[in-house]
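# with the sequence up front, the predicted model follows.
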Amino acid sequence: MSANTLTGQIGKLIPRRLKKEPEKGEEFYRAGQWQLVWWKFRRHKLANLGLVVLGIFYIFGLFAEFMAPYQPLHRFKYFVSKPPPPSTSATPREISACHLCMASNAAATR
C-alpha cells in the first residue's frame, strides 16, 4: 500500500473538524450586528409596511419619465394668466361664489 492510500483511509476515519451544534439560545450570542438588526426588523410590522411603500416610491421614480404625460419644462401658454383651481376642501357654495367672482372679473377686464 502506498502512503497516499493510507492517508486517504485515515482521513475518512478521523473527521478534520468536529462541528458542535449550537444550543437553542446560543444563536443570539453568535449572531452579527446586521443579523440582529434584520431579526428585529422582520418582527416590526410598521417597518415592513414602510419598506414596501418606499419600494413603490423608488419604482415610480425609476419610471417617472415613462408615466409623466408632459415634459418637465412644458408650459401651457393659454393658462399662464389663469388663477389656480379652487381648493378641494371648499364647500360647494364657496366654489360657486368663487366662480361667480372670476366670471365677473373676467367680464370687467374685457
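Sure, I can see it.
# quick one: residue 73 from residue 63, how far?
For residue 73, the distance to residue 63 equals 19 Å [CB to CB, to the nearest Å]. Yep, even glycine has a C-beta here, placed from its N, CA and C like the rest.
# how far away is residue 68 from residue 52?
Plainly put, residue 68 is 23 Å away from residue 52 if you go by CB to CB.
# what's the answer for residue 82, then?
Taking CB to CB, one finds residue 82 at 39 Å from residue 52.
# repeat that for residue 84.
Distance from residue 84 to residue 52, by CB to CB: 33 Å.
# sketch out the helices for this protein, chain order is fine.
Using DSSP state H, the helices of the chain run over residues 3-13, 26-30, 33-43, 45-62, 64-67, 92-109.
# about what we covered before: okay, residue 84 and residue 52: which has more neighbours?
residue 52 (9 against 5; other CB atoms under 10 Å).
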